[in-house]
Every structure is written in C-alpha cells, then in structure tokens.
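K.L.:
Sequence first, predicted model second:
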Amino acid sequence: MPRPAMRIVQSSKVFQLGYDDKEQALYVRFVPSKSHPAGRVAVYRGVPPDVAEQVEGAPSVGTALRDLVEGSYAFGYES
C-alpha cells in the first residue's frame, strides 16, 4: 500500500502525519533522531477519519496521538 501525502505538523515528537481514508490508516513520521535519521514511520490501522482529524488539529499533536491513538489501534513500523 503506497503511503499517503504527509503533512508537516508543529510538534516536538511528530514531524509529519498522513491519512489513508480507504485503509483507515494513520501514518506518523516521528522527529528524526540519531538512531532514525529520516524519522521512523508508524502506521496505525483502523483509525476513523474523525480521530485522525482530531490528532492533526490538536494544540499538541503528540499528546493527542498518545491519548486518542496509541494503545487503541494496532500499529507497526515501516522498514
């Protein structure tokens, strides 16, 4: 499955977000680090569109990701 367009967000943890409506998959590129210079990309599956919109529009994207997505939806990292 090709990755959707990714949008840069203002966050200390998250660099970019993308959402695939058809697959209901939220793509999250984290801020680059020494161990992941390009930024690691997590894909959260089964995320409803309204939840993805809440995360993207939140005052704190990292907090919204933690509170609304992490632990509630299956995820994996792209290699």
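P.N.:
Everything's here; your move. Residues are numbered from 1 along each chain as shown.

K.L.:
Which residue lies nearest the spatial centre of this structure?
P.N.:
When the chain is reduced to its mean C-alpha position, the closest residue under CA atoms, centre = their mean turns out to be residue 28, at 2.4 Å.

K.L.:
how about the helices in this structure?
P.N.:
According to DSSP state H, the chain carries its helices in the segments 49-57, 61-68.

K.L.:
Residue 6 is nearest to which of those helices?
P.N.:
helix 49-57 (11.1 Å; CB to CB). Every residue, glycine included, has its C-beta placed from N, CA and C.

K.L.:
In terms of secondary structure, what does that closest one contact?
P.N.:
Helices and strands in packing contact with helix 49-57 are listed as strand 14-20, strand 25-30, helix 61-68; criterion 3 or more CB pairs under 8 Å, 6 or more residues apart in numbering; DSSP states H and E.

K.L.:
buried ones in the last one?
P.N.:
By neighbour count, with 16 or more other CB atoms under 10 Å as the criterion, the buried positions of helix 61-68 are 61-62, 64-65, 68.

K.L.:
Enumerate every residue touching residue 19.
P.N.:
4, 25-27, 47, 49, 52, 56 (CB atoms under 8 Å, 6 or more residues apart in numbering).

K.L.:
By neighbours, which of these wins?
P.N.:
Ranked by the number of neighbours (other CB atoms under 10 Å), the contacts of residue 19 place residue 26 first, at 27 neighbours.

K.L.:
Run through who's touching stretch 11-18.
P.N.:
When contacts are defined by CB under 8 Å, 6+ apart, stretch 11-18 is touched by residues 3-9, 26-32, 39, 52, 55-56, 60-62, 65.

K.L.:
ok, now how distant is residue 66 from residue 11?
P.N.:
Spatial separation of residue 66 from residue 11 under the definition CB to CB, to the nearest Å is 11 Å.
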